[in-house]
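Peer 1: following is a predicted model, sequence given first.
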Amino acid sequence: MTDITLDRLPHVEPHATYLTEGHTLASWLLTTDHKRIAILYALTITGFFFIGGLAISVVRLELLTPHASLVTDEEYNRLFTLHGIIMVWFFLVPSIPTTFGNFLLPLMIGAKDVAFPRLNLISWYIFVAAGAVTLYALISGGVNTGWTFYTPLSTFFANGNVILAAAGVFISGFSSIATGINFIATTHMLRAPGMHWTRLPLFVWAIYATSLVMVLATPVLAMSLLLIVAERWLGIPIFDPTTGGDPLLFQHMFWFYSHPAVYIMILPAMGVASEVLACFARRRVFGYTAMIFSLMAIAVIGFVVWGHHMFVAGQSPYANLIFSFLSFIVAVPSAIKVFNWTATLYKGSITLKAPLLYIMSFIGLFTIGGLTGLFLASVPVDIHVHATYFVVAHFHFIMVGGTVSAFFAALHFWWPKITGRMYPDAWARFGAMTTFLGFMVTFLPQFVMGYEGMPRRYHVYPAQFQPYHVISTAGAMILAVAYLLPLFYLTWSLRYGKSAGRNPWHATGLEWTTESPPPKENFEHTPIVTEDPYFYEYEQHGGDEA
Amino acid sequence: MSETSSALLREPWTDVTRQKEADSFGFWIFIASEVMFFGGLFLAYAVNHYLHPHAFKVAVQHTDITYGTINTALLMTSSFFMTAVVRGAPAQMRRTTLIGLSICAALGIVFLVVKGIEYREDISKGLVPGAGFPLEPQAAQIFFGLYWIMTGVHALHLFVGICLVLIIDTLVARRRLPLNSPTIEVVGLYWHFVDIIWMILYPLLYLLGRWS
Amino acid sequence: MNTMVRHVWLYPGLIWLGLLGLLAATIGGAYGGWGEISESLNLLIAVLCVGLIGILFMNLGGASVLVRLAAAAGMFWLLFAFIMTASDYLTR
């Protein structure tokens, strides 16, 4: 069935695929095919990922010593600001939705494309324009406020390209909103016959929930950025305390978006987890309905917890109490999901392929990150660890340990479908394990030093923290290798990889019933769905191969 | 009707009715996002009004109620004509559509002209936040900061609306856009939405606090 | 007057007159010497205007469930923002 020998001859796909329809640059830059747009996005966000990674590499090198060694204070501030802005808005927020969401959503529901294909292409151009403006702002001159743009630093005292950077992020918001509108309309209106809401793969539900958050949260960020631009550029006081304005109002508006934004980053990852686990445990996802409710609960409750970023900012203690309570509540659906993923594995028939290794990494690291979120939701603890490396470690466990691991899992799971090629699984598994190791070495020490008082955003620190920083930097170097590794073997597979066939993983899901790579219209005939998702147990009892 | 129907059909749709439903639904989702966008401004207004009730009461006396009221009436009337267009177009009422769209755009342009005159007067009275702001207390500057931003963002949206209306007016006139196109309904929705925003801005910036 | 003309001009025209009436009412409310309650009146009338335009002009009244859900979601989420922000400012 799956022999290990690798073909060394380049394969010529006998059928026309979305890749062979048009070879000119124009056919790519003017495409309305969701699959090509997904690839355009993938190339773009990969570029941003490495730019953000480069910045933080300099930061981690600087942090090897307790005094300023490589960069000045101002340069350091600009480096971590660049890292944050690029990673949040130009990698994490678009990551899974615009790549795998774009590629897979129509396929998974049995559609030919998304609801508004031209809007889809426009959203990519908006994203590229936004990225260009932001990158220019961050590199020529830079921004030193941190990705959070707090006032009055950003409006009055910061020197640098705050206005331009804010404008770039503002523009990127439109790309997000357009994508969200497209995915919501697609899911409601383009499902194939028989594809009821309760037959949808959990990845589709996850993308749907994410899209709701994108559409409803992003505009408030846009307004908060518009207001700081107005204040800084036109001198119009809104948050200015000298005229009676409240700087905390900015934080309310900013975090109203930025907290749901972290759910934009994690919900798609959770969707990937369900798909991969079901396939490599050969079992349906445990508690499918509870998983749907959890996804939607996270999306909704995620909107009313933002004040936990402001416990020590001057918010009223009563508001602190309410936000703290709700922040504990929002952890419950996430926990339900972790239990259900574990139960999916239980008594499954498990094969430890690379996608599963990445997802196991995801579950472990997301759980640690999530539990430390509960520490931070507790007001007295947060007062102690706010603005320390404890917080930095918490969100990196979730965003990097969680989202990035899931992104790599998705990459390795759907690569055969997207490219028609298999990659060498041994290298991929090595990469997955190296990622996990590198990640733990980088970020575990940060919890400890944060608890002991190491502040975030400082590059000059008391000597007692140096050992932690050295370990962390060493881990970062391992991580860098692990992240660069797939570039090599995945690129190699494009030319030398074994032909994948329709369904190399024997997975359920409509995307696996069509060819790899899929034809431009996705399916030869519109599929008619008669089964519930994840019908793996039936397959084990002598069902047809997909 | 079927030839124009199939002319309206876009990928990946197979059914024009479904496509229209999707266009409508998609645009309402966009409207929901715009509600949140302006909502941010309303929030900023609400918070500052709560924190500085006296300053806001002083400041609101200095917006021009005449211009504000004229503009409100203009937009209400434009919405009336737009409704006639959106209802008349699918019924193949060509003249209604063309005249209605033209009047709509014209009323919108008059709104912007009135706004421009009002802005000029505001500037000559020094009602721009910054040094030389004539009113006390200080927080009145925040009211006027919000005034400029709220009316400015609204005016930008209205300008976009006017452009859209003029474009489809031209396309329909040249028979490049069929009367049953979903685009007309969508532009109508946008126009009404911009009107709705003004319905909220008008009391916030011209009425609240004028009581005695 | 045939049904089409009624549908296209008369009924929207009546709503338009209603809006103008509300405009007069809200100005009267502001200048009528009613005291601070006129602020609530102004806002209430604004909500009525928004409702008339949304339900009758934008045809929310005759729209599909999906469309009405989308409209409701926008307003509902704004409520989240206001209520939770108020939980801070009202308790300081």
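Peer 2: Perfect, thanks for sending it. Given the structure is predicted, the values throughout are model-derived calculations rather than measurements.

Peer 1: ramachandran coordinates for residue A:63?
Peer 2: Taking degrees, to the nearest 10, you get phi -80, psi 0 for the backbone angles of residue A:63.

Peer 1: pull out the buried residues from stretch A:241-257.
Peer 2: Buried residues in stretch A:241-257, counted by 16 or more other C-beta atoms under 10 Å in any protein chain shown: A:243-257. No exception for glycine: its C-beta is placed from N, CA and C like everyone else's.

Peer 1: again with stretch A:16-33
Peer 2: A:17, A:18, A:19, A:31, A:32, A:33.

Peer 1: going along the chain, name the helices of chain B.
Peer 2: Secondary structure of chain B by DSSP state H: the helices cover B:2-8, B:16-51, B:53-60, B:65-88, B:94-124, B:140-173, B:182-202.

Peer 1: so the second one versus helix B:182-202, what angle?
Peer 2: Okay, so that is helix B:16-51. Orientation check (axes from the mean of the first three to the mean of the last three C-alpha atoms, to 10 degrees): helix B:16-51 against helix B:182-202 gives 10 degrees.

Peer 1: now do the third one
Peer 2: Orientation note: helix B:53-60 sits at an angle of 110 degrees relative to helix B:182-202 (the same axes, to 10 degrees).

Peer 1: does any part of helix B:53-60 sit near chain C?
Peer 2: No. Under the criterion of C-beta under 8 Å from any C-beta of the partner chain, chain C is not reached by helix B:53-60; the shortest gap measures 9.4 Å.

Peer 1: and the residue of chain C nearest chain B?
Peer 2: Of chain C, the residue with the smallest distance to chain B, taken as C-beta to the nearest C-beta, is residue C:74 at 3.2 Å.

Peer 1: hmm, that residue is touching residue A:216, no?
Peer 2: Yes. With contact defined as C-beta atoms under 8 Å, residue C:74 reaches residue A:216; the gap is 7.4 Å.

Peer 1: show me the common contact partners of those two, please.
Peer 2: Residues touching both residue C:74 and residue A:216 (C-beta atoms under 8 Å, 6 or more residues apart in numbering or on different chains) are B:32, B:33, B:36.

Peer 1: out of those residues, which touch chain A?
Peer 2: Contacts with chain A within these, counted by C-beta under 8 Å from any C-beta: B:32, B:33, B:36.

Peer 1: would a markdown table of those with neighbour count and pLDDT be doable?
Peer 2: Listed next are these as a markdown table, based on neighbours: other C-beta atoms under 10 Å in any protein chain shown; pLDDT from 0 to 100:
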| residue | neighbour count | pLDDT |
| --- | --- | --- |
| B:32 | 27 | 96 |
| B:33 | 29 | 97 |
| B:36 | 29 | 97 |
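
Peer 1: which one of the residues you listed is nearest to chain A?
Peer 2: Taking these together and measuring to chain A by C-beta to the nearest C-beta, the closest member is residue B:36, at 4.0 Å.

Peer 1: just want the residue of the stretch 151-300 of chain A that's nearest chain B.
Peer 2: Using C-beta to the nearest C-beta, residue A:223 is the residue of the stretch 151-300 of chain A that sits closest to chain B, at 3.0 Å.

Peer 1: which helix or strand contains whichever residue of the stretch 101-250 of chain A sits closest to chain C?
Peer 2: Residue of the stretch 101-250 of chain A nearest chain C, by C-beta to the nearest C-beta: residue A:216 (4.7 Å). Residue A:216 belongs to helix A:202-234 when assigned by DSSP states H and E.

Peer 1: name the next helix or strand downstream of that helix, please.
Peer 2: The C-terminal neighbour of helix A:202-234 among helices and strands, as given by DSSP H and E, is helix A:247-281.

Peer 1: contacts only, for residue C:36.
Peer 2: residue B:211.

Peer 1: against residue A:157, how distant is it?
Peer 2: To residue A:157, residue C:36 is 39 Å away according to C-beta to C-beta, to the nearest Å.

Peer 1: tell me where chain C has helices.
Peer 2: Applying DSSP H to chain C gives helices spanning C:3-5, C:11-31, C:37-51, C:65-89.

Peer 1: which of those sits closest to residue A:108?
Peer 2: With respect to residue A:108, and counting by C-beta to C-beta, the nearest of the helices of chain C is helix C:65-89 at 20.4 Å.

Peer 1: what are the buried residues along that closest one?
Peer 2: Buried residues in helix C:65-89, counted by 16+ other C-beta under 10 Å: C:66-67, C:69-71, C:73-74, C:77-78, C:80-81, C:84-85, C:87-89.

Peer 1: cool, stretch A:449-465 as well?
Peer 2: For stretch A:449-465, burial by neighbour count (16+ other C-beta under 10 Å) applies to A:449, A:450, A:451, A:454, A:456, A:458, A:459, A:461, A:465.

Peer 1: and those, which two are furthest apart?
Peer 2: Among those, the pair separated by the greatest distance (C-beta to C-beta) is A:451 and A:459, at 19.8 Å.

Peer 1: before we move on, back to that, right, and the helices of chain C - which one's nearest chain A?
Peer 2: Of all the helices of chain C, helix C:65-89 sits nearest to chain A, with 3.9 Å by C-beta to the nearest C-beta.

Peer 1: which neighbouring elements make contact with the closest one?
Peer 2: Applying 3 or more C-beta pairs under 8 Å, 6 or more residues apart in numbering or on different chains; DSSP states H and E, we find helix C:65-89 packed against helix A:202-234, helix A:247-281, helix A:317-345, helix B:16-51.

Peer 1: show the average pLDDT along it.
Peer 2: Helix C:65-89 shows a mean pLDDT of 94.

Peer 1: with stretch A:343-351 instead?
Peer 2: Here stretch A:343-351 scores 94 as its mean pLDDT.

Peer 1: run through who's touching that stretch.
Peer 2: If you take C-beta under 8 Å, 6+ apart as the criterion, stretch A:343-351 is touched by A:274, A:277-278, A:280-287, A:356, A:540.

Peer 1: can you tell me the distance between the two ends of it?
Peer 2: Length of stretch A:343-351, first residue to last, C-alpha to C-alpha, to the nearest Å: 16 Å.

Peer 1: in it, what's buried?
Peer 2: A:343, A:344, A:345, A:348.

Peer 1: do stretch C:2-13 as well
Peer 2: Using 16+ other C-beta under 10 Å as the test for burial, stretch C:2-13 gives C:8, C:9, C:12.

Peer 1: now stretch C:9-25
Peer 2: C:9, C:12, C:15, C:16, C:19, C:22, C:23.

Peer 1: CA atoms of it as PDB?
Peer 2: Output of stretch C:9-25 as PDB, limited to C-alpha atoms (Å, rounded to 0.1, in the frame of the first residue of the first chain):
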ATOM      1  CA  TRP C   9     -43.800  55.800  -3.600                       C
ATOM      2  CA  LEU C  10     -46.700  56.000  -1.200                       C
ATOM      3  CA  TYR C  11     -45.700  53.700   1.600                       C
ATOM      4  CA  PRO C  12     -42.100  54.900   1.700                       C
ATOM      5  CA  GLY C  13     -43.500  58.500   1.400                       C
ATOM      6  CA  LEU C  14     -45.500  57.900   4.600                       C
ATOM      7  CA  ILE C  15     -42.500  56.600   6.400                       C
ATOM      8  CA  TRP C  16     -40.600  59.600   5.300                       C
ATOM      9  CA  LEU C  17     -43.200  61.900   6.700                       C
ATOM     10  CA  GLY C  18     -43.000  59.900   9.900                       C
ATOM     11  CA  LEU C  19     -39.300  60.500  10.000                       C
ATOM     12  CA  LEU C  20     -39.700  64.200   9.500                       C
ATOM     13  CA  GLY C  21     -42.300  64.100  12.300                       C
ATOM     14  CA  LEU C  22     -39.900  62.400  14.600                       C
ATOM     15  CA  LEU C  23     -37.300  65.100  13.700                       C
ATOM     16  CA  ALA C  24     -39.600  67.800  14.700                       C
ATOM     17  CA  ALA C  25     -40.500  65.900  17.900                       C
END
